[in-house]
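*Asks:* sequence and predicted model, in that order:
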Amino acid sequence: MLLENKKIVLAISGGIAAFKAAEIASMLRKRGAEVKCIMTEHATEFITPLTMREISGNPVAVSMFGDIPEFNVEHIALAQWADVFVIAPATANVIGKIAGGIADDMLTTTVMATTAPVVIAPAMNSNMYMNPIVQKNIAALKEYGYEIIEPATGHLACGVTGVGRLPEPEDIVDYVEFTACRTSLLKGKKVIVTAGGTREPIDPVRFIGNHSSGRMGFAIAKTAAFAGADVTLVAGSNDHLKTPAGVARRIDVGSTNDMKAAVDSYYDDCDLVIKSAAVADYRSAHPAANKIKKSDETLTLTMAKNPDILYGLGQRKAHQVLIGFAAETTNLIEYGTAKLKKKNLDMLVANDVSAEGAGFQGTTNIATFLFPDGSMEKLEKMDKEDLATVIVERAAAILAKKNQ
């Protein structure tokens with residue numbers, strides 16, 4: 001668990017979304033974090049300190065002058081204890097106080113005293129959120145280095161639909177995890193990751209595709225973002241996966257040509273490409289304008305070859321590090337080595353998709369890394385997120401060596 005032994009201060013201000021703090025605290029603990037809570041007096045009108053104490057497993061700080069013997073000068077002790085300080089929900093009032101340097105309660109004094117990263121999740125009525133004063137305060141906090149989780153759009157407690165809704169607890173916890181675990185391994189590097197499968201239309205109803213779930217590529221994108229990179233995730237069809245926290249941008253594509261256009265638009269300026277997507281080698285030469293009706297016993301399609309995205313990138317490669325994938329069912333090393341050389345790659349991740357524990361749909365994979373000097377590294381079966389960590393570490397090492 002990435003949050004194992006991380007210390008999180010969860011500060012709760014007095015908005016209707018305060019009730020979601022219970023789920024946030026619970027999820028943080030399930031991921032291994034230790035959680036201590038601060039509540040404003042108004043927050044206690046929406047959810048009780050007793051509830052947050054039982055869920056967090058620690059005393060809850062509310063008053064500047066309350067007697068909580070665990071803390072020595074409460075706000076200073078909590079400020080120094082935190083690895084990450086998160087305010088969820090953050091009302092317009094609390095945002096304004098922090099932006100203006102006002103420290104008049106336990107929450108605002110503690111946030112002023114902490115040197116830990118501060119994550120703020122605004123939640124309020126749409127008109128309040130869009131008020132230029134609130135927007136100016138949020139902009140000021142960003143300039144000061146506070147991290148803002150943009151509010152969601154949806155049905156609000158006041159009965160309107162619009163921006164200002166507190167993001168889902170899982171999204172907040174994902175962002176806290178990103179903030180707590182981020183490193184500088186790829187800091188300053190621009191990374192493109194492709195994930196999922198492509199779909200080539202036969203007619204408006206049918207397409208040619210594959211079984212790729214996108215899990216491997218999304219895990220790589222997450223790991224690269226956690227390593228400090230500016231990550232562009234080009235995503236084909238996938239298992240309805242969420243954009244990982246910290247990914248700078250996501251581009252959803254359909255066909256191989258769509259994916260090529262997206263990758264090409266970012267390639268010249270990037271430092272690293274990890275191309276894990278399972279793209280279609282061929283497409284229908286003449287997709288039907290209308291649905292093809294059943295008639296004969298057989299249907300013959302004329303197929304046209306798709307552009308080889310990875311080969312094209314290899315031909316254009318200048319300063320970039322290029323890593324590809326090979327999904328095979330036979331002759332893994334032979335075919336993988338040929339692909340590595342033909343496409344001018346710096347590393348190839350080869351996996352036998354017919355092997356138990358490998359392939360598209362599962363949560364594990366079995367990989368062999370191939371390198372241009374003829375060396376290889378065989379890995380045991382592991383979770384795709386663990387494999388993503390190894391891939392990103394090897395990519396960072398190749399980048400560092402190339403830039404020497």
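*Replies:* Arrived safely, thanks for sending.
*Asks:* which parts of the chain are helices?
*Replies:* All helices of the chain, identified by DSSP state H, fall at 21-30, 49-56, 74-81, 92-100, 106-113, 126-130, 132-144, 169-181, 215-226, 256-267, 309-316, 332-342, 384-402.
*Asks:* looking at the ones you listed, which is nearest to Lys275?
*Replies:* Ranking the helices of the chain by proximity to Lys275 (C-beta to C-beta) places helix 309-316 first, at 5.5 Å. Quick note: C-beta positions are derived from backbone N, CA and C, even for glycine.
*Asks:* now Ile391: how far from Thr183?
*Replies:* 15 Å (C-beta to C-beta, to the nearest Å).
*Asks:* over to Ala261?
*Replies:* Ala261 sits at a distance of 32 Å from Thr183 (criterion: C-beta to C-beta).
*Asks:* which one's more surrounded, those two?
*Replies:* Ala261 (14 against 10; other C-beta atoms under 10 Å).
*Asks:* just the pLDDT for the more buried one.
*Replies:* Listed pLDDT for Ala261 reads 97.
*Asks:* neighbours around the nearest residue to Asp105 once chain neighbours are set aside, how many?
*Replies:* Spatially, and ignoring its direct neighbours in sequence, Asp105 is nearest to Thr40 (6.0 Å; C-beta to C-beta, 6 or more residues apart in numbering). As a burial measure, Thr40 scores 22 neighbours (other C-beta under 10 Å).
*Asks:* before we move on, what about Ile202?
*Replies:* Residues within reach of Ile202, counting by other C-beta under 10 Å, total 18.
*Asks:* ok, it touching Gly209?
*Replies:* No. Ile202 lies out of contact with Gly209 (C-beta atoms under 8 Å); the separation is 10.3 Å.
*Asks:* which residues do these two both contact?
*Replies:* Between them, Ile202 and Gly209 share no contacting residue under C-beta atoms under 8 Å, 6 or more residues apart in numbering.
*Asks:* Val205: neighbouring residues, count only.
*Replies:* Per other C-beta under 10 Å, the neighbour tally for Val205 reads 10.
*Asks:* name the nearest residue to it, sequence neighbours excluded.
*Replies:* Distances taken as C-beta to C-beta, 6+ apart place Lys291 nearest to Val205, at 4.9 Å, with adjacent residues excluded.
*Asks:* next one: Val247 from Ala219, what distance?
*Replies:* 12 Å.
*Asks:* let me fix that: Thr51
*Replies:* 35 Å.
*Asks:* give me every residue that touches Thr51.
*Replies:* Counting by C-beta under 8 Å, 6+ apart, Thr51 makes contact with Ala22.
*Asks:* for the one 4 residues further on, same thing?
*Replies:* For Ile55, the residues meeting the contact criterion (C-beta under 8 Å, 6+ apart) are 22, 25-26, 29.
*Asks:* ok, and the most crowded of these?
*Replies:* Highest neighbour count within these, by other C-beta under 10 Å: Ala25, with 28 neighbours.
*Asks:* state the distance from the residue most central in space within the chain to Arg215.
*Replies:* By C-alpha atoms, centre = their mean, the chain has its centre lying nearest to Pro244, at 1.5 Å. If you measure Pro244 against Arg215 using C-beta to C-beta, the figure is 11 Å.
*Asks:* how about Arg199?
*Replies:* Distance, Arg199 to Arg215, by C-beta to C-beta: 17 Å.
*Asks:* for these two, indicate the residue with more neighbours.
*Replies:* Comparing Arg199 with Arg215 by other C-beta under 10 Å, the one with more neighbours is Arg215, at 24 against 20.
*Asks:* got the domain ranges for the chain?
*Replies:* For the chain, automatic domain parsing gives the domain ranges 7-181, 190-402.
*Asks:* what is Lys190 paired to in the beta sheet?
*Replies:* Counting by DSSP bridges, Lys190 is bridged to Asp230.
*Asks:* list the contacts for it?
*Replies:* Counting by C-beta under 8 Å, 6+ apart, Lys190 has contacts 229-230, 232, 266, 269-272.
*Asks:* how about low-confidence regions in the protein?
*Replies:* Filtered on pLDDT under 70, the chain yields the residue ranges 65-75.
*Asks:* go again using 80 as the cut-off
*Replies:* Low-confidence segments of the chain (pLDDT under 80): 1, 64-75, 156-160, 296, 354, 357-362, 404.
*Asks:* quick one, what contacts Lys36?
*Replies:* 7-10, 56, 58-61, 78, 81-82.
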